[in-house]
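A.B. asks: sequence? don't have it. structure:
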């Protein structure tokens with residue numbers, strides 16, 4: 001049962017002062033924001049909101065609330081057990097009523113309240129809990145009508161950030177992200193959830209580093225899982241056209257031999273080039289003079305357009321940075337020979353670079369491109 005409170009008329013709450021001022025001075029007011037409980041301002045704002053709207057209940061029992069301030073300044077307050085719905089992009093087919101896990105999510109787009117009508121003229125305050133943290137969103141400026149789609153996207157963005165904060169934290173921590181992409185790791189769609197979280201923890205505390213990478217991450221990629229990843233590729237025409245070639249690379253990986261990893265990488269690196277070139281040509285009717293670096297820019301731009309959100313879990317800006325590292329050129333004269341598409345296809349990569357980890361990462365790159373197209 002939803003706990004609902006109603007206030008006949010409240011004061012016209014317009015926002016929070018951004019600095020101390022004296023009487024008669026100009027004031028800057030924060031009227032719209034999405035913050036988390038990591039921000040010290042969260043506690044300052046939430047306490048004032050609570051004192052105004054939640055003073056008749058025991059706030060210790062509250063884990064979420066929605067406050068709608070209507071045009072006539074009447075207020076409806078919903079507490080705890082009201083349904084919240086998120087719109088996601090899924091990795092796999094999901095049946096109605098089936099459990100959805102974090103590892104099933106490609107991206108979170110919107111958050112809505114299916115049983116509560118929000119009006120364009122309402123002011124809104126929404127506080128919610130994810131794990132042991134809270135998110136707080138408010139939009140209190142009704143000089144213009146609220147665009148509801150923009151509202152739901154903003155709520156989805158804040159919910160997504162809290163749900164996958166461990167990834168955003170790594171991206172902000174430049175040295176760790178640099179170290180991980182140097183080793184070939186990225187928050188690939190297939191790793192979102194428990195595995196990428198484990199990876200970040202392994203890089204933060206490196207005891208038994210190699211064993212933990214193998215036992216906690218690599219060993220999770222069973223034959224069944226790898227084939228499930230591969231089989232979704234055939235849903236897109238460009239992948240279907242290359243099915244025999246891509247299957248050869250993936251089956252080489254599943255041999256679990258040094259020879260298999262070499263063949264997997266050699267095969268899939270060349271097919272990544274082919275997928276991008278063919279798809280670019282299909283969409284633009286151009287391709288003769290296109291550089292590979294331009295193809296990388298193009299595929300990441302498609303990722304941006306697909307989600308329409310630079311902070312989406314596709315991470316297109318960061319993926320471009322990652323791809324440039326993985327497809328870095330080599331320099332024999334200077335002895336600079338990173339393991340990359342170029343060093344592999346030109347035959348100068350060191351034999352020991354063709355590892356199980358690198359082969360798996362190559363499959364995950366192909367899979368990431370699948371979701372971008």
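C.D. replies: That came in fine, so what should we check first? Not measured: the values here are computed from a predicted model.
A.B. asks: Centre-most residue in the protein?
C.D. replies: The chain has residue 313 as the residue nearest its centroid, 1.6 Å off, counting by C-alpha atoms, centre = their mean.
A.B. asks: how close does it get to residue 276?
C.D. replies: To residue 276, residue 313 is 22 Å away according to C-beta to C-beta, to the nearest Å. Every residue, glycine included, has its C-beta placed from N, CA and C.
A.B. asks: coming back round to it: which pLDDT value goes with the residue nearest to the centre of the chain?
C.D. replies: Listed pLDDT for residue 313 reads 93.
A.B. asks: On the three-state scheme, the residue nearest to it when sequence neighbours are not counted is what?
C.D. replies: The shortest distance from residue 313 to any non-neighbouring residue, by C-beta to C-beta, 6 or more residues apart in numbering, is to residue 107 (4.4 Å). Reduced to three states with DSSP: H, G, I helix; E, B strand; the rest coil, the structure at residue 107 is strand.
A.B. asks: Out of the helices and strands in the chain, which is least certain?
C.D. replies: The helix or strand of the chain with the poorest confidence is helix 341-345; it has a mean of 67 (mean pLDDT, DSSP states H and E).
A.B. asks: Tell me which stretches of the protein form strands.
C.D. replies: Taking DSSP state E, the strands of the chain run over residues 3-7, 16-17, 29-30, 32-36, 65-69, 75-79, 85-90, 105-112, 123-130, 133-139.
A.B. asks: Contacts only, for the nearest residue to residue 299 once chain neighbours are set aside.
C.D. replies: Excluding the flanking residues, the one nearest residue 299 by C-beta to C-beta, 6+ apart is residue 372, at 5.5 Å. Residue 372 makes contact with 299-300, 302-303, 306, 314, 316, 319, according to C-beta atoms under 8 Å, 6 or more residues apart in numbering.
A.B. asks: Max pairwise distance over those residues: which two?
C.D. replies: 306 and 319 (12.0 Å; C-beta to C-beta).
A.B. asks: So which of these two has more stuff around it?
C.D. replies: Using other C-beta atoms under 10 Å, the more surrounded residue of residue 306 and residue 319 is residue 319, with 23 against 16.
A.B. asks: Surely that one touches residue 368?
C.D. replies: Yes - Residue 319 lies in contact with residue 368 (C-beta atoms under 8 Å); the separation is 6.6 Å.
A.B. asks: Return every residue with contacts to both of these two.
C.D. replies: residue 186.
A.B. asks: Give the ranges of residues in this protein that sit below the confidence cut-off.
C.D. replies: 1-2, 330-348 (pLDDT under 70).
A.B. asks: mind listing the helices in it by residue range?
C.D. replies: 40-53, 148-163, 165-172, 174-182, 194-204, 209-216, 223-233, 237-241, 243-254, 258-284, 292-307, 316-326, 341-345, 356-372 (DSSP state H).
A.B. asks: For these, give me TSV that also has distance to residue 80.
C.D. replies: Shown next, in TSV, are these (distance: least, C-beta to C-beta, whole Å):
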stretch	distance to residue 80
helix 40-53	14
helix 148-163	17
helix 165-172	23
helix 174-182	37
helix 194-204	28
helix 209-216	36
helix 223-233	38
helix 237-241	45
helix 243-254	47
helix 258-284	48
helix 292-307	31
helix 316-326	36
helix 341-345	52
helix 356-372	36
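A.B. asks: right, and these - which one's nearest residue 61?
C.D. replies: Nearest of those (C-beta to C-beta): helix 40-53, 12.4 Å.
A.B. asks: Strand 75-79 and the closest one, what's the angle between them?
C.D. replies: Relative orientation of helix 40-53 and strand 75-79, computed by axes from the mean of the first three to the mean of the last three C-alpha atoms, to 10 degrees: 120 degrees.
A.B. asks: Contact partners for the closest residue to residue 354 other than its chain neighbours?
C.D. replies: Setting aside the residues directly before and after it, residue 354 is nearest to residue 262 in space (C-beta to C-beta, 6+ apart), at 4.4 Å. Going by C-beta under 8 Å, 6+ apart, residue 262 touches 252, 351, 354.
A.B. asks: For the buried ones among those residues, write the corresponding ChimeraX selection.
C.D. replies: In ChimeraX syntax, the buried subset of those is picked out as below (16 or more other C-beta atoms under 10 Å):
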select :252,354
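A.B. asks: before we move on, back to that, please determine how far the residue nearest to residue 313 is located from residue 309.
C.D. replies: For residue 107, the distance to residue 309 - C-beta to C-beta - is 8 Å.
A.B. asks: what about these two, which has more around it?
C.D. replies: residue 107 (22 against 17).
A.B. asks: Would you check that that one makes contact with residue 160?
C.D. replies: Yes - with contacts counted by C-beta under 8 Å, residue 107 reaches residue 160, the gap being 7.3 Å.
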